[in-house]
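model this:
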Amino acid sequence: MATLYYVHDPMCSWCWGFSNVRQRLFATLPPQIEVVRLLGGLAEDTDTPMPASQRQTLKQTWERIAIKIPGVEFNFSYWDSGTPRRSTYPACRAVIAARLQGSEYDGKMTEAIQHAYYLQARNPSNETTLIELADDLGLDTAAFTLALRAPLTQAQLLTEITEARRMGADSYPSLVLHHLGSVWNIPIDYNEVEPMRNLINHLIDEGER
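Now for the predicted structure:
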């Protein structure tokens with residue numbers, strides 16, 4: 001069986017832009033390909049408010065994504081309210097904490113964080129937001145909160161970050177295909193499924209000859 005690693009961060013705006021095409025890609029992959037999700041961890045923990053210059057840079061990134069990927073929506077009021085921090089590790093830990101209550105919650109929590117951040121102008125760097133999202137998903141919030149704060153959850157995040165970097169996935173989103181001892185980086189196409197799917201199928205076919 002081949003393995004396709006998807007390396008992402010729930011607060012990565014390009015990962016949000018890739019969501020629709022990624023879902024279509026995964027839904028149409030051959031059954032012999034296992035998809036494994038890994039968290040890349042864009043930004044470490046910090047309580048420091050994001051500088052105005054960085055806020056402007058990220059806002060401009062959202063604007064570029066909205067142009068490059070038709071149909072992707074952003075709620076730009078996020079940058080005019082609250083206190084943004086450049087800290088995505090809490091959101092990454094939330095995905096791991098949710099995953100402990102069922103593997104399906106990996107994707108569900110990621111999507112909930114993205115919707116809260118990009119569409120509802122809520123801050124997933126805040127623990128309170130993450131616990132609210134866990135409750136919305138019907139998770140055991142007491143167990144989720146314990147896991148969110150647990151050293152083992154942080155250790156798992158660091159393990160996934162290390163694994164992603166070891167396979168050369170140092171930007172997000174990334175797709176990395178492992179098959180019969182070979183490793184290939186699959187270029188991301190934000191608007192079309194076919195180039196990625198065709199390349200993946202080709203590499204698998206070539207590897208088996």
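
what ranges does the protein have for its helices?
13-27, 52-68, 89-99, 104-114, 127-136, 141-149, 151-166, 194-207 (DSSP state H).

of all these, which one is nearest I33?
I33 lies closest, by C-beta to C-beta, to one member of the helices of the chain: helix 194-207, at 7.1 Å. Where you see a C-beta, it was placed from the backbone N, CA and C, and this is true even at glycine.

buried stuff in the closest one?
Buried positions in helix 194-207, judged by neighbour count with 16 or more other C-beta atoms under 10 Å: 196-197, 199-200, 203-204.

where does the chain have low pLDDT?
Under the criterion pLDDT under 70, the flagged ranges of the chain are 207-209.

residues touching W184, list them.
By C-beta atoms under 8 Å, 6 or more residues apart in numbering, the contact set of W184 is 176-177, 203.

for P10, same thing?
Counted by C-beta under 8 Å, 6+ apart, P10 has contacts 39, 88, 91-92, 94-95, 109-110, 113-114, 117, 124.

can you pull the contacts of Y89?
Contacts of Y89 (C-beta under 8 Å, 6+ apart): 41, 43-45, 154, 157.

for F74, which non-adjacent residue is spatially closest?
W62 (4.5 Å; C-beta to C-beta, 6 or more residues apart in numbering).

that neighbour contacts F76, correct?
Yes - contact criterion C-beta atoms under 8 Å: W62 and F76 qualify, at 6.8 Å.

more neighbours, those two?
Set side by side, W62 and F76 show more neighbours around W62, with 20 against 12, by other C-beta atoms under 10 Å.

quick one: residues contacting the more buried one.
13, 74, 76, 118.

how about those in CSV, adding distance to E192?
Shown next, in CSV, are these (distance: C-beta to C-beta, whole Å):
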residue, distance to E192
S13, 20
F74, 21
F76, 27
Y118, 22
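
return the members of those residues classed as buried.
Using 16+ other C-beta under 10 Å, the buried ones in those are 13, 74, 118.

so the last one touches W14, yeah?
No - the pair Y118 and W14 does not pass the contact test of C-beta under 8 Å, sitting 11.6 Å apart.

surely S13 and Y118 touch.
Yes - using C-beta under 8 Å, S13 is in contact with Y118, at 7.3 Å.

anything in contact with each of these two?
62, 74.

quick one: T110 and V176, what's the gap?
In this view, T110 and V176 are 18 Å apart by C-beta to C-beta, to the nearest Å.

which one's more surrounded, these two?
T110 (25 against 19).

mind listing what the more buried one touches?
Counting by C-beta under 8 Å, 6+ apart, T110 touches 8, 10, 37, 95.

mind running it again at 10 Å?
Going by C-beta atoms under 10 Å, 6 or more residues apart in numbering, T110 touches 8-11, 15-16, 19, 37, 39, 91-92, 94-95, 98-99.
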